[in-house]
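>>> Coordinates for the following, if possible.
(one chain, ligands or ions: 1)
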Amino acid sequence: MIRIDGNIAKLREAVRCLRKGSGSIGLVPTMGYLHEGHLSLVRKSISENGSTVVTIFVNPLQFGPNEDYEAYPRDLEKDCLLLEKEGVDIVFCPKPEDLYYPDHSTYVVEERVSRDLCGASRPGHFRGVCTIVLKLFLLIGPDRAYFGEKDFQQLQVIRRMVRDLNVPVEIRGCPIVREKDGLALSSRNVYLSPSERLSAVALSRSLKAAKELYDSGEKNAGKIIGCVQEELLSDPALRVEYIELRDAEELSVLETVDKPAVLALAVRVGKTRLIDNVKLGEVEA
Ligand code: AMP
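Residues are numbered from 1 along each chain as shown. Below you'll find the model as predicted:
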């Protein structure tokens, strides 16, 4: 595995060599502090491509001024060991100054899919995500790029950006990897105290109950959301930011679940903001 700590010329050269050697290139963009969720994306990329590039970059542009950019967990050495073991070809781990000029003034803004849900509670977040992801696409030129359904809105925003800007890359969505008790794996789970960790199980439990209600025939969005609300409001340690049932592609509001949909939520557990979701009906991966 070649590790490139930020030199863009070196990255371009290493990617050029990969392209000559072994067919298609898969890209897995991450913010590091890797867990089995990230590794599931890496494994899928390795199985579908001649070579795989992973990026590790905590992107300051997608964090708000009062968010956890500084505190975000980092362990670059351990991450690189994990990626080497998986058989990754290149890991690119730049610092902000490697990617952003001090007077950087160009951004990528998606204006529909990114508007609500996390876009509403984190102004500028998806602008930061789209800008860095397009930069990585331009730097690496992957044939396929892998994103987790854990960040369902992010996945759909990126699909839209790629469609609208004719970016020549295939976006591949990957299922959410969970702990045994259902909690979706997240680098931010490390912030949770033992009692918060116990409370956090309610997120996936409530989504599971709502999915069972849907599968048993309930198609009314209000009733399905109510089922989640009931479960989450019963624990005072949880502060609900949103619970939304949306069309799975555009993320527009649905009153009746008559097409593929996603039930998504964001909840604060103490100081930690967690997100989770479940698909209702068939949604393209
Ligand atoms: P992050 O490092 O949090 O930016 O995540 C990097 C990629 O891994 C994103 O595409 C995430 O959606 C994906 N990811 C994070 N957690 C999970 C998980 N539990 N299951 C599947 N994919 C995940």
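>>> interface residues of this protein facing the ligand?
Contact residues, the chain versus the ligand (CB under 6 Å from any ligand atom): 30-31, 37-38, 40-41, 147-148, 150-151, 174, 176-177, 184-187. Quick note: C-beta positions are derived from backbone N, CA and C, even for glycine.
>>> please redo it, this time with the cut-off set to 8 Å
Counting by CB under 8 Å from any ligand atom, the chain comes close to the ligand at 28-38, 40-41, 146-151, 154-155, 174-178, 184-188.
>>> Filter those residues down to the buried ones.
Buried members of the residues of the chain next to the ligand, counted by 16 or more other CB atoms under 10 Å: 28-35, 37-38, 40-41, 146-151, 154-155, 174, 176-177, 184-188.
>>> out of these, which are inside helices?
Counting by DSSP state H, those place 37, 38, 40, 41, 154, 155 in helices.
>>> Correct me if wrong: the second one contacts residue 28.
It refers to residue 38. Yes - using CB atoms under 8 Å, residue 38 makes contact with residue 28 at a distance of 7.2 Å.
>>> Tell me the bridge partners for the closest residue to the ligand within the stretch 51-200 of the chain.
Nearest to the ligand, among the residues of the stretch 51-200 of the chain, is residue 148, at 2.2 Å (CB to the nearest ligand atom). For residue 148, the beta-bridge partners are residue 174 (DSSP bridges).
>>> now swap in residue 2 and tell me
The partner residues for residue 2, given DSSP bridges, come to residue 90.
>>> what sits against residue 268?
Contacts here follow CB atoms under 8 Å, 6 or more residues apart in numbering; on that basis residue 268 touches 238, 239, 241, 274.
>>> Give the bridge partners for it, please.
residue 239, residue 273.
>>> let's number from 29 now, not from 1
Done: numbering now begins at 29, and the last item shifts to residue 296.
>>> Let me see the domain layout of this protein.
30-202, 215-306 (automatic domain parsing).
>>> rewinding a little: would you check which pair of the ones in helices among the buried ones among the residues of the chain next to the ligand lies furthest apart?
Largest separation among these by CB to CB: 68 and 182, giving 16.1 Å.
>>> all helices of the stretch 179-313 of the chain, in order?
180-192, 222-243, 249-261 (DSSP state H, counting those that start in this stretch).
>>> In TSV, list those along with mean pLDDT.
Listed next are the helices of the stretch 179-313 of the chain as TSV, based on pLDDT from 0 to 100:
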stretch	mean pLDDT
helix 180-192	98
helix 222-243	98
helix 249-261	97
